[in-house]
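# okay, sequence plus prediction incoming.
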Amino acid sequence: AAGVIQSPRHLIKEKRETATLKCYPIPRHDTVYWYQQGPGQDPQFLISFYEKMQSDKGSIPDRFSAQQFSDYHSELNMSSLELGDSALYFCASSATTSGYTFGSGTRLTVV
Amino acid sequence: RKEVEQDPGPFNVPEGATVAFNCTYSNSASQSFFWYRQDCRKEPKLLMSVYSSGNEDGRFTAQLNRASQYISLLIRDSKLSDSATYLCVVRGDYKLSFGAGTTVTVRA
């Protein structure tokens, strides 16, 4: 069965650079969520989209922005990267309340 | 205060033991509840949804107590492969809130 696809799997950027993370939800899933998980921490909610509209916003820095496109894929854009942005970024998608499927994540390292 | 709080763990148990831990949530309007399992450096994977009447899936039993706002997970006859971090996840509106996770280590 198709899963949530995230790209790239790994990304290394320097401070003050920009990064774009992509997420391709499971077909027919209408909601996409972005989470940030720092080392040894629980996932922190960043932002979600329902039917291509932003539906909720969590602890997302102003330097970050996200959108969901007409084909339902989503992109998380991160600018002026800081060392503290190094984390695992998960995307999840859902269509019902029966559960949410996570992608394998993008590991971002800022040096 | 965090929206979802979990037993800190870690729980170190021998194979075959029973281990149980709880999670409390602060938003009484929360709609759905889940237990996810996360292995080191990998994505969370759904272990089971938690229903009001309680539910069981093999060796795993989940309970929900809405009045006291907590959910629990019990693992019977634990296996080495059960070693993982178990995340309590609560859904409200359009986001999921995670607990910090309970680490379970099953030893031979």
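Cool, got the structure. All values reported here derive from a predicted model rather than from experimental measurement. Residues are numbered from 1 along each chain as shown, chains lettered A, B, ... in the order given.
# bridging residues for residue A:109?
residue A:12 (DSSP bridges).
# residues touching it, list them.
Contacts of residue A:109 were listed using CB atoms under 8 Å, 6 or more residues apart in numbering or on different chains, and they are A:10, A:11, A:12, A:13, A:86. C-beta coordinates here come from the backbone N, C-alpha and C atoms, glycine included.
# closest one of the residues you listed to chain B?
residue A:10 (11.3 Å; CB to the nearest CB).
# helix, strand, or coil at the closest residue to that closest one other than its chain neighbours?
Beyond its immediate neighbours in the sequence, the residue positioned closest to residue A:10 (CB to CB, 6 or more residues apart in numbering or on different chains) is residue A:107, lying 5.0 Å away. Using DSSP: H, G, I helix; E, B strand; the rest coil, the structure places residue A:107 in strand.
# near chain B, which residues of chain A are found?
Within chain A, the positions near chain B by CB under 8 Å from any CB of the partner chain are A:31, A:33, A:35, A:41-45, A:48, A:50, A:55-56, A:58, A:88, A:90, A:92, A:97-105, A:107.
# hang on, residue A:74 packs against residue A:49?
Yes: assessed by CB atoms under 8 Å, residue A:74 is found in contact with residue A:49 at 6.0 Å.
# list residues touching both of these two?
Listed as contacting both residue A:74 and residue A:49 by CB under 8 Å, 6+ apart are A:32, A:66, A:67, A:68.
# quick one: mean pLDDT for the helix or strand containing residue B:106?
Per DSSP states H and E, residue B:106 falls inside strand B:102-107. Throughout strand B:102-107, pLDDT has a mean value of 94.
# which residues are in contact with it?
Looking at strand B:102-107 with CB under 8 Å, 6+ apart, the contacting residues turn out to be B:6-15, B:17, B:19, B:21, B:23, B:75, B:78-86, B:88.
# could you flag which of those residues are buried?
By neighbour count, with 16 or more other CB atoms under 10 Å in any protein chain shown, the contacts of strand B:102-107 hold B:6-7, B:9, B:11, B:13, B:19, B:21, B:23, B:75, B:78, B:82-86, B:88 as buried.
# ok, residue 70 - contacts?
Going with chain A. So residue A:70 contacts residue A:52 (CB under 8 Å, 6+ apart).
# looking at chain B here, not the other one
B:22, B:23, B:24, B:25, B:64.
# please apply the same query to residue A:80.
Residue A:80 makes contact with A:16, A:18, A:63, according to CB under 8 Å, 6+ apart.
# what is the burial count for the second one?
Applying the criterion other CB atoms under 10 Å in any protein chain shown, we find 11 residues in the vicinity of residue A:18.
# same thing with the last one?
Neighbourhood size, residue A:63 [other CB under 10 Å]: 13.
# what is the helix or strand of chain A with the lowest mean pLDDT packed up against?
Within chain A, no helix or strand scores below strand A:53-57, which has a mean of 86 by mean pLDDT, DSSP states H and E. Other elements packing on strand A:53-57 under the criterion 3 or more CB pairs under 8 Å, 6 or more residues apart in numbering or on different chains; DSSP states H and E are strand A:44-50.
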